[in-house]
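K.L.:
The sequence and its predicted three-dimensional model are supplied below.
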Amino acid sequence: MKRNHWYAALFLAPAAICLLVFSYLPLIQDVWLSFHTWNMVSPTMKFVGLQNYQQLCSGTELSKVLFNTLLYVFILIILNFILPYLLSFIMAHGMTSCNFFYRSALFIPSTLSLAVASIIFLWILNPLAGPLHIILSEIGLESPRWFKESGFAIAAIGMIIGWKVFGYNLIVMLAAMVAVPQDLLEAAKLENASKWQIFRHIILPLTSPTALYVFVITVVFGLQYVLVPVNMLTQGGPDQGSTNLVYIIYQYGFIFFQTGKAAAFAVLTIFFYSGFLLLKAVLDKKVHYEN
Amino acid sequence: MKINPRNWPWHLLLWIALLIQLWPLLFMISTSFKTMDQIFQSTLNPIPAIPVLDNYRHVLETLPLAHYILNTLVIAGGITLAKIITSVLAGFAFVYYSFPHKEKIFNALLLTFFIPVTVLIMPNYLIISKLHLLNTPWGVILPELADGMGIFLMRQTMRSIPNTLFEAAKLENANAWTVLTKIVVPLIKPSLFALAIVFFINSWNEYFWPLLVLHDKSSFTLPLALQMFISAEGGSEWGVAMAVAMLTSLPPLVLYLVCQRFIMNTFMQSGVKG
């Protein structure tokens, strides 16, 4: 190895070693743990082969977990991808004044802790005395017991994440929308292109790399953010009604102390995410066609 | 504000979005200044009839607040410092040197950004407990030492430094450390500062990993302290809970409001692929 390579390695080492030890090795350890049964305290682990995976597939739990996960993904895509996309388009190409004020103010919730967001919404959604209950009863509606009813729990948690992440995704998307070259738009207008044509043939392709990025982080991070409100407010309930692929790992590992099953779910989650990132890689090739 | 009359429907739409985004915050602020009676009697009124500091006083009396602030500060500061150092060093390696498999190594480091934290919690917890670092700030900080996104952003920033500067330094046989500390770091100071604020806000807000590592109440951070105000019935001390939420949110909020433009640029960069 050249001398220079050694120096490069030296500069890379702190980051590389950390990521190796705390990000890549754990993935391997997950696989290893998933072939064993262990309760985290006993000194010995028992090798059980694929038994953990078999148990995972035999019950109804897995399908519930997967269904809930997809439901979360669906809600998050609407709140944190489609809405920011539309609003950033309007802000960049529909109007010209006071954008800075709007985006600064809309971003504020993104600076707060998810724990804070959870506790604020716990009060707002309180079915007996909370603000939303009062507003709903004024117009003659009854407030659901948000965190105690299946379906509503997922909607409420989706709302919390939506509130927290919306502003961040909006400014990232807006940066891409604003970066669309003005002269291209002017030229299109001179040729009497319709608004739809401008959107379809200029804005959509030119912003697609960022859109793809926002789409990916919406799903990848959204599902992780869900952990905090689920843990603080529902613990996966009612009757596993708000659990999902990432929370169940924590539940099996740290509440039921069944590391084998937790690890099996972790491996499943890795596959889920890998599949998703693979999809991103495929789409990545498509979105760059303009350059 | 000058508003083009043709655009008013868009402005209306944005004001609705603003209302939705800021409404919950308003409740946090106003509830924290209300007495228990006011909280339940004039719930929707954002301005407390007589603002009181009772809730804050109660927090000061019942929680070791200074201790929690210190814990949070040590952890957030430690993570920020560590991430900045590893990101700058790694970013520099990618910009200054050429070595085999550079792209692949870069992608491998960046990919860690997308690995869901939950699949890592169990193995990392086992490592931390084997090292006897549970209940210590180190236990929280260590697994977060490096950050794929930080490396990416630092590489992007350093790429904007003219190559001729590097060439000149190489001709003069300056060693890499001198180039990094004397040329690169002074040039990227603003981005470095902004990235540090972003790291700090994020680690200040962190909840899940600290929750696993810190079991003792005395080692809690502010976001963890919030958990104490949630009871099975949905919590009853709303005023106090909101006061703690306020105190937890204040540092990130102030940092954001003061350094807005800086922070905004960093976040906006993070979405632009290079």
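P.N.:
Great, that's in hand.

K.L.:
Please name the nearest non-neighbouring residue to B:V52.
P.N.:
Taking CB to CB, 6 or more residues apart in numbering or on different chains as the measure, B:V52 lies nearest to B:T35, with 5.5 Å between them; neighbours along the chain are not counted. Quick note: C-beta positions are derived from backbone N, CA and C, even for glycine.

K.L.:
Spell out for me which residue occupies the centre of the chain.
P.N.:
Went with chain A since none was named. A:G222 (1.7 Å; CA atoms, centre = their mean).

K.L.:
oops, chain B please
P.N.:
Using CA atoms, centre = their mean, the residue of chain B that lies closest to the mean C-alpha position is B:N202, 1.4 Å off.

K.L.:
so which strand or helix has that one?
P.N.:
Element membership of B:N202, judged by DSSP states H and E, is helix B:189-205.

K.L.:
following that helix, which helix or strand comes up?
P.N.:
Stepping forward along the backbone from helix B:189-205, the first helix or strand reached (DSSP H and E) is helix B:208-213.

K.L.:
And the nearest residue to B:S87 once chain neighbours are set aside, which helix or strand is it part of?
P.N.:
Nearest in space to B:S87, with sequence neighbours left out and distances taken as CB to CB, 6+ apart, is B:G150 at 3.4 Å. Using DSSP H and E, the element containing B:G150 is helix B:148-159.

K.L.:
Just the buried residues of that helix, please?
P.N.:
Under the neighbour-count criterion of 16 or more other CB atoms under 10 Å in any protein chain shown, helix B:148-159 has B:148-158 buried.

K.L.:
and which of these is nearest chain A?
P.N.:
Lowest distance from chain A to the buried residues of helix B:148-159 (CB to the nearest CB) belongs to B:I151, with 6.0 Å.

K.L.:
so how far is A:C57 from that closest one?
P.N.:
Taking CB to CB, to the nearest Å as the measure, B:I151 falls 38 Å from A:C57.

K.L.:
Quick one, grab the pLDDT at residue 97.
P.N.:
I'll assume chain A. A:S97 carries a pLDDT score of 67 in this model.

K.L.:
wrong one, chain B
P.N.:
In this prediction B:Y97 is given a pLDDT of 92.

K.L.:
pLDDT weak spots in the stretch 51-200 of chain B?
P.N.:
Counting by pLDDT under 70, the stretch 51-200 of chain B has no low-confidence residues at all.

K.L.:
Please enumerate the helices of it.
P.N.:
With helices called from DSSP state H, counting those that start in this stretch, the stretch 51-200 of chain B shows them at B:54-62, B:65-96, B:102-111, B:117-130, B:137-141, B:148-159, B:163-171, B:176-178, B:185-187, B:189-205.

K.L.:
any bit of the fourth one sitting next to chain A?
P.N.:
Yes. Using CB under 8 Å from any CB of the partner chain, helix B:117-130 comes into contact with chain A via B:117-127.

K.L.:
residues in contact with that helix?
P.N.:
With contact meaning CB atoms under 8 Å, 6 or more residues apart in numbering or on different chains, helix B:117-130 is reached by A:21-23, A:25-27, A:29-30, A:33, A:40, A:224, A:227, A:246-247, A:249-250, A:253-254, A:259, A:262-263, A:266-267, A:269-270, A:273, B:134, B:139, B:142-143, B:208-209, B:212-213.

K.L.:
Buried subset of these as a PyMOL selection?
P.N.:
A single PyMOL command suffices to select whichever of the contacts of helix B:117-130 are buried according to 16+ other CB under 10 Å:
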select buried, (chain A and resi 21+22+23+26+29+30+33+224+227+246+247+249+250+253+254+259+262+263+266+267+269+270+273) or (chain B and resi 134+139+142+143+208+209+212+213)
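
K.L.:
other SSEs contacting the one helix or strand A:L27 maps to?
P.N.:
Secondary structure here is read from DSSP H and E; on that basis A:L27 sits in helix A:25-34. Contacts defined by 3 or more CB pairs under 8 Å, 6 or more residues apart in numbering or on different chains; DSSP states H and E place helix A:25-34 against helix A:259-287, helix B:117-130.

K.L.:
run the last query once more with 10 Å
P.N.:
Packed against helix A:25-34, as judged by 3 or more CB pairs under 10 Å, 6 or more residues apart in numbering or on different chains; DSSP states H and E, are the following elements: helix A:51-58, helix A:259-287, helix B:117-130.

K.L.:
Point out the most buried one among those.
P.N.:
Taking mean count of other CB atoms under 10 Å in any protein chain shown as the contact definition, the stretch among the helices and strands packed on helix A:25-34 with the greatest mean neighbour count is helix B:117-130, which reaches a mean of 21.

K.L.:
coming back round to it: looking at it, the residue nearest to the centre of chain B is touching B:P223, isn't it?
P.N.:
No. In this structure B:N202 lies outside contact range of B:P223 using CB atoms under 10 Å: 11.6 Å.

K.L.:
okay, and the common contacts of those two?
P.N.:
Counting by CB atoms under 10 Å, 6 or more residues apart in numbering or on different chains, the residues touching both B:N202 and B:P223 are A:S113.

K.L.:
quick one on the thing from earlier: can you confirm whether the helix holding B:N202 lies near chain A?
P.N.:
Yes. Helix B:189-205 is in contact with chain A by CB under 10 Å from any CB of the partner chain, via B:198, B:201-202, B:204-205.

K.L.:
Show me what counts as buried in that helix.
P.N.:
B:191-192, B:194-205.

K.L.:
Over to stretch B:34-50?
P.N.:
In terms of neighbour count (16+ other CB under 10 Å), stretch B:34-50 has its buried residues at B:34-35, B:38-39, B:43, B:48.

K.L.:
Give me the distance between the two termini of that stretch.
P.N.:
For stretch B:34-50, the first and last residues are 7 Å from each other (CA to CA, to the nearest Å).

K.L.:
so how far is it from its chain's centroid?
P.N.:
The chain centroid and the centroid of stretch B:34-50 are separated by 32 Å, computed with CA atoms, centre = their mean, to the nearest Å.

K.L.:
what's the answer for stretch B:162-179, then?
P.N.:
Computed by CA atoms, centre = their mean, the separation of stretch B:162-179 from the middle of its chain amounts to 34 Å.

K.L.:
which residues are contacting that stretch?
P.N.:
Contacts of stretch B:162-179 with the rest of the structure, by CB under 10 Å, 6+ apart, involve A:4, A:7-8, A:10-11, B:92-93, B:95-97, B:158, B:182-185, B:187.

K.L.:
switch the cut-off to 8 Å
P.N.:
Outside stretch B:162-179, the residues that reach it (CB under 8 Å, 6+ apart) are A:7, A:11, B:92, B:96, B:182-183.

K.L.:
What's the end-to-end length of it?
P.N.:
13 Å.

K.L.:
So which bits of it are buried?
P.N.:
For stretch B:162-179, the buried set under the neighbour-count rule, 16+ other CB under 10 Å, comprises B:166, B:169, B:176, B:179.

K.L.:
Kindly report the same for stretch A:86-101.
P.N.:
Judged by neighbour count using 16+ other CB under 10 Å, the buried positions of stretch A:86-101 are A:87-95.
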